[in-house]
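Colleague: The amino acid sequence is not available; the structure is as follows:
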């Protein structure tokens, strides 16, 4: 069994080290899927620009960066134009192979129910989940265009697929992901001439803080582990070609219907 485990680990290592990237920027890196993207990207030897709104409070991210010299932690508020522009200016001239727009919020679900709608909560969810990925992609367009891989990715959700079965409530979150999908489909068209590949990827039902807040800890415990989802998404991202630009993909590589 010991020898089999060693062989299995060696084969897995061979597989992941074939993934190609030089520099990746990940938003929302302080926890969950974003933190796992940073962790696995660093393990692959990539240079990682890991952003968080309040890096000083991101203890796990700081501990990870202390172990990996290729991780650069940057403060970024994705809904503040000045913050986005400042980070883009700081990295002017730096080629970014993969831009992963991961930062997102579920929003207060009690304010997304019939009889209790709140406009300010709607604005916040839409700003973070829909507007921010578009604005960030625009701000870092030149950085991505200068890279070898030229990839912009948005982390979407099955909740953003109109043709999929859907439960009640969480109106703002669902609308924000539908909006993200359309914006990135449009962005893919606009960036065709620059050779940039744009796609959205759904991570699946993943056991994260956000998922637990939405469905409860007991149900979320039965969902996909974060590391498995991210490992699969990294494989999908590595395999993206120009034919995939404008597509919505599942973490397992399946094309999702709009």
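Modeller: Ah, there it is. Model, not experiment: these values are computed from the prediction. Numbering: from 1, shown residues only.
Colleague: Select the longest helix from the protein.
Modeller: helix 171-190 (DSSP state H).
Colleague: which residues are contacting that helix?
Modeller: Helix 171-190 is touched from outside by 104-107, 111-113, 117, 121-122, 125-126, 128-130, 133-134, 137, 152, 154, 156-157, 159-162, 166, 197-200, 245-246, 248, 258, with contacts defined as C-beta atoms under 8 Å, 6 or more residues apart in numbering. C-betas here are computed from N, CA, C, even on glycine.
Colleague: same deal with stretch 45-59?
Modeller: Under C-beta under 8 Å, 6+ apart, the answer for stretch 45-59 is 17, 21-31, 34, 38, 41-42, 61-62, 65, 68, 70-78, 87, 91, 96, 103.
Colleague: Please pick the buried ones from those.
Modeller: The neighbour-count test (16 or more other C-beta atoms under 10 Å) marks 21, 23-31, 34, 38, 41-42, 61-62, 65, 68, 71, 73-74, 76-78, 87, 91, 96, 103 as buried among those.
Colleague: Which of these fall within helices?
Modeller: 34, 38, 41-42, 61-62, 65, 87.
Colleague: For the residue positioned nearest the centre of the chain, what are phi and psi?
Modeller: Geometric centre of the chain, nearest residue: residue 102, 2.7 Å, by C-alpha atoms, centre = their mean. Note on residue 102: its backbone torsions stand at phi -100, psi -30 [degrees, to the nearest 10].
Colleague: i'd like the first residue to be 25 from this point on
Modeller: Done: numbering now begins at 25, and the last item shifts to residue 126.
Colleague: ok, now which ones touch it?
Modeller: 50-53, 57-58, 61, 179.
Colleague: before we move on, what about residue 265?
Modeller: Per C-beta under 8 Å, 6+ apart, neighbours of residue 265: residue 221.
Colleague: Quick check: it vs residue 129, distance?
Modeller: Per C-beta to C-beta, to the nearest Å, residue 265 is found 31 Å from residue 129.
Colleague: Quick one: the strands in this structure, in order.
Modeller: With strands called from DSSP state E, the chain shows them at 47-50, 71-76, 95-99, 122-125, 175-179, 221-226, 272-274.
Colleague: Tabulate the ones you listed (JSON lines), appending distance to residue 196 and mean pLDDT.
Modeller: Output for the strands of the chain, formatted as JSON lines (distance: least, C-beta to C-beta, whole Å; pLDDT from 0 to 100):
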{"stretch": "strand 47-50", "distance to residue 196": "24", "mean pLDDT": "98"}
{"stretch": "strand 71-76", "distance to residue 196": "23", "mean pLDDT": "98"}
{"stretch": "strand 95-99", "distance to residue 196": "26", "mean pLDDT": "98"}
{"stretch": "strand 122-125", "distance to residue 196": "18", "mean pLDDT": "98"}
{"stretch": "strand 175-179", "distance to residue 196": "17", "mean pLDDT": "98"}
{"stretch": "strand 221-226", "distance to residue 196": "18", "mean pLDDT": "98"}
{"stretch": "strand 272-274", "distance to residue 196": "20", "mean pLDDT": "96"}
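Colleague: Output those strands as TSV; include the columns distance to residue 232.
Modeller: Converted to TSV, these look like this (distance: least, C-beta to C-beta, whole Å):
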stretch	distance to residue 232
strand 47-50	15
strand 71-76	15
strand 95-99	20
strand 122-125	15
strand 175-179	11
strand 221-226	13
strand 272-274	17
